[in-house]
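Undergrad: Here is a sequence with its predicted model. Questions after.
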Amino acid sequence: MEVTLLVQAADDAYRILENARGQAVELLNTATKLTSDTRWMEEKKIEAVLMGAQKKKSSLQNFVVTFLMLFAFWALLSGKFDSFHLSLGVVCSFVVALLGHDLLFANVRVGDIRVIVQRFLAYLPWHVYQIVVANFHVAYLALSPKMPISPKIMRFKTKLESDISWVTLANSITLTPGTITIDIEEGEFVVHALSEKLADDLNTGEMEDRIAHVFMEADHIYIQDVLDVARIFAEFR
Amino acid sequence: MNNFLIVITLALCLLVFVVLYRVVFGPGVFNRIAAISAIGTKTLVILIIFGYFYNRVEMFIDISLVYALLNFIGCVAAAKYLETEG
Amino acid sequence: MIIRGEDIIIKTISRVLVPFIQLYALYVIMHGHYSPGGGFQGGVILGASMVLLFITHGYAEVNRKFSENIAVLFSSIGVLIYSGIGFLCLLLLGNYLDYSKLYKILSVDPAHARSLGILGVEIGVGFAVMAVMFSIFFDISTGGVSPDDEEEAE
């Protein structure tokens, strides 16, 4: 009697465990499938964006955008808006755009120029604030009698992809007092920093993230990671 | 206002002389290049202050743009020359 | 002393800057009679933009846009525009480069014709100065032998 009960109990326990295991496996499978689905969808989306950018990036559009930018620059310089000077401006911008329409947008990959300009303008106040903070820090370093500097050269790999964003990051680093970009070697930045605090500020990578946001690079990876984690959590709950 | 501009211009001229020390006695040619381009930026600011002084800012901005441009190109050319010469 | 590498910062900055420099040079040429500058200064800036492109992007890129033959052609065209306007004034019974006589063919009053004549002469000077400056730099930096010829000789 007792033995039967014991066996039955063990059987029940085993069955429950088996059930639970089956459910867990099924759940994991669904989660994996969902993840790969979202990844596939995201990849499709990125591919579409890339293809669209490629299609849009015809040389005619480059030419038109270059021409408009140059003509705006001409109007800014000239300040004379009679028909004679404006027509001179049109001719000059046309000639220069004809010569150099492949220079201004040589390596722009993804993204819309208007969005980039908007985000860049939104990035500037933060960068000016950063410059002011670093400026006071460097002034403190220079004026304190002990001169607590610890200059060092640091290297870091960047996650940015195009050369224009590399150059923006490098110039942002150089504009911030106390840090200077020495070189970019195959996406690896070589930076000279004057003190520990400045180097730590740079190592947090906030500037890099913001520039990636400006040029719409690398942020699709973050969106995808968040999507994946959210789906898995929802399934398990 | 004019006195203020004169004082600023004089201070910048003094700074130019400080940097000129680096150009004349600076160890190595890279210090000299960097110092020359620093003098170029100071000259640019002095030119624009002159523009306010004579009430013809737009003319002096044209001149200072050319100055900045040729300063940049000269700096790059000197650096490139040294790079190829080793 | 220095390892030669891909200096991507200089390359990108000059790539973005060159069209604006060229437009600024044309502005200096065209507004020579209102603001400082004129044909010679504008030509120097235009030549400097070409020199910047040559320094940063190398021979091939510049040769594709503005080869040495075109430079020679442009310097001749510049001198032709200058002396052509001068002799046109002679033909219209004025002195050499007497722009006010140009009103006979331009159908504007003499003062305006003088302004337009100065503009034409400045464009000619700008072309000539740009082409000559660029070809001087070209000859000095390549030693008078273009890299294509060197490759063929090897």
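TA: Looks like it arrived, so ask away.

Undergrad: helix, strand or coil for residue A:183?
TA: strand (DSSP: H, G, I helix; E, B strand; the rest coil).

Undergrad: Pull up the residues of chain B that are close to chain C.
TA: For chain B, the contact set with chain C under C-beta under 8 Å from any C-beta of the partner chain comprises B:58-59, B:62-63, B:65-66, B:69-70, B:73, B:76-77, B:80, B:82-84, B:86. All C-beta atoms are positioned from the backbone trio N, CA, C, and that covers glycine.

Undergrad: can you do 6 Å?
TA: B:59, B:62-63, B:73, B:76-77, B:80, B:83, B:86 (C-beta under 6 Å from any C-beta of the partner chain).

Undergrad: What is the burial count for whatever residue of chain B ends up closest to chain A?
TA: Distances between chain B and chain A by C-beta to the nearest C-beta are smallest at residue B:58, namely 7.1 Å. Residues lying near residue B:58 (other C-beta atoms under 10 Å in any protein chain shown) number 11.

Undergrad: At which residues are the helices of the chain located?
TA: Reading this off chain A. A:2-56, A:59-78, A:83-104, A:113-143, A:163-175, A:196-203, A:206-214, A:219-236 (DSSP state H).

Undergrad: not what I meant, chain C
TA: C:8-30, C:39-65, C:68-91, C:103-106, C:110-142, C:147-153.

Undergrad: Check the ones you listed for me and report the most buried one.
TA: Mean neighbours per residue, mean count of other C-beta atoms under 10 Å in any protein chain shown, is largest over the helices of chain C for helix C:8-30, with a mean of 22.

Undergrad: Rounded mean pLDDT for stretch C:36-46, please.
TA: For stretch C:36-46, the mean per-residue pLDDT is 87.

Undergrad: correction: stretch C:118-137
TA: Mean predicted confidence for stretch C:118-137 is 90.

Undergrad: Spell out whether that stretch and chain B are in contact.
TA: No - contact of stretch C:118-137 with chain B (C-beta under 6 Å from any C-beta) is absent, the minimum separation being 9.4 Å.

Undergrad: hang on, the earlier thing: could you single out the nearest of the residues of chain B next to chain C to residue C:145?
TA: residue B:80 (19.6 Å; C-beta to C-beta).

Undergrad: Excluding sequence neighbours, find me the nearest residue to the closest one.
TA: Using C-beta to C-beta, 6 or more residues apart in numbering or on different chains and skipping residues adjacent in sequence, the residue nearest residue B:80 is residue C:55, 5.1 Å away.

Undergrad: tell me which residues of the helix or strand that contains residue B:43 are tucked away?
TA: Element membership of residue B:43 [criterion: DSSP states H and E] is helix B:29-53. Neighbour counts using 16 or more other C-beta atoms under 10 Å in any protein chain shown place B:32-40, B:43-44, B:46-47, B:49-51 of helix B:29-53 among the buried residues.

Undergrad: Kindly calculate the angle that whatever helix or strand comes next after that helix makes with helix C:39-65.
TA: Next along the chain after helix B:29-53, taking DSSP H and E as the criterion, comes helix B:57-85. Between helix B:57-85 and helix C:39-65, the angle comes out at 40 degrees (axes from the mean of the first three to the mean of the last three C-alpha atoms, to 10 degrees).

Undergrad: Pull out the buried positions in helix B:57-85.
TA: B:59-69, B:71-74, B:76-80.

Undergrad: So for chain A, the centremost residue is which one?
TA: residue A:212 (1.6 Å; C-alpha atoms, centre = their mean).

Undergrad: same question, chain C
TA: residue C:130 (2.8 Å).

Undergrad: Distance of that residue relative to residue C:40?
TA: 10 Å (C-beta to C-beta, to the nearest Å).

Undergrad: where in chain B is pLDDT low?
TA: Scanning chain B for pLDDT under 70 picks out the ranges B:84-86.

Undergrad: tell me the pLDDT at residue 4?
TA: Just going to use chain A. 76.

Undergrad: hm, I was asking about chain C
TA: pLDDT at residue C:4 comes out at 54.

Undergrad: swap in the one 3 residues further on?
TA: You'll see residue C:7 listed with a pLDDT of 79.

Undergrad: Could you report the neighbour count for it?
TA: 16.

Undergrad: returning to what we had before: what residues are up against the residue nearest to residue B:80?
TA: Contact analysis of residue C:55 by C-beta atoms under 6 Å, 6 or more residues apart in numbering or on different chains lists B:76-77, B:80.

Undergrad: Let's have the residues you listed in TSV, adding distance to residue C:11.
TA: Shown next, in TSV, are the contacts of residue C:55 (distance: C-beta to C-beta, whole Å):
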residue	distance to residue C:11
B:76	10
B:77	14
B:80	11
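
Undergrad: hmm, back to that, want to throw the helices of chain C into JSON lines with distance to residue A:127?
TA: JSON lines is the format used below for those (distance: least, C-beta to C-beta, whole Å):
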{"stretch": "helix C:8-30", "distance to residue A:127": "17"}
{"stretch": "helix C:39-65", "distance to residue A:127": "26"}
{"stretch": "helix C:68-91", "distance to residue A:127": "41"}
{"stretch": "helix C:103-106", "distance to residue A:127": "52"}
{"stretch": "helix C:110-142", "distance to residue A:127": "37"}
{"stretch": "helix C:147-153", "distance to residue A:127": "42"}
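
Undergrad: who wins for proximity to residue A:30 among these?
TA: Of the helices of chain C, nearest to residue A:30 by C-beta to C-beta is helix C:8-30, at 45.8 Å.

Undergrad: hmm, the closest one in reach of chain A?
TA: Yes - contact of helix C:8-30 with chain A (C-beta under 6 Å from any C-beta) involves C:8-9, C:12, C:15, C:18-19, C:22-23, C:26-27, C:30.

Undergrad: of all those, which comes closest to residue A:170?
TA: residue C:9 (5.3 Å).

Undergrad: roughly how far apart are that closest one and residue A:164?
TA: Relative to residue A:164, and taking C-beta to C-beta, residue C:9 is found at 11 Å.

Undergrad: What residue in chain A comes nearest to chain B?
TA: Closest point on chain A to chain B, by C-beta to the nearest C-beta, is residue A:79, at 7.1 Å.

Undergrad: Tell me the confidence at residue 11?
TA: No chain in the question, so chain A it is. Predicted confidence (pLDDT) for residue A:11: 84.

Undergrad: should've been chain C
TA: Reading off the model, residue C:11 has pLDDT 86.

Undergrad: OK, contacts around it?
TA: Contacts of residue C:11 were listed using C-beta under 6 Å, 6+ apart, and they are residue C:56.

Undergrad: could you redo the last one with a cut-off of 10 Å?
TA: A:106, A:163, A:167, C:56-58 (C-beta atoms under 10 Å, 6 or more residues apart in numbering or on different chains).

Undergrad: Point out the residues in chain C that sit beside chain B.
TA: Taking C-beta under 10 Å from any C-beta of the partner chain as the contact definition, chain C meets chain B at C:1-5, C:7, C:10, C:13-14, C:17, C:20-21, C:24-25, C:27-28, C:31, C:34-37, C:41-42, C:44-45, C:48-49, C:51-52, C:54-56, C:137, C:141.

Undergrad: returning to what we had before: per-residue confidence at the residue nearest to the centre of chain A?
TA: 85.
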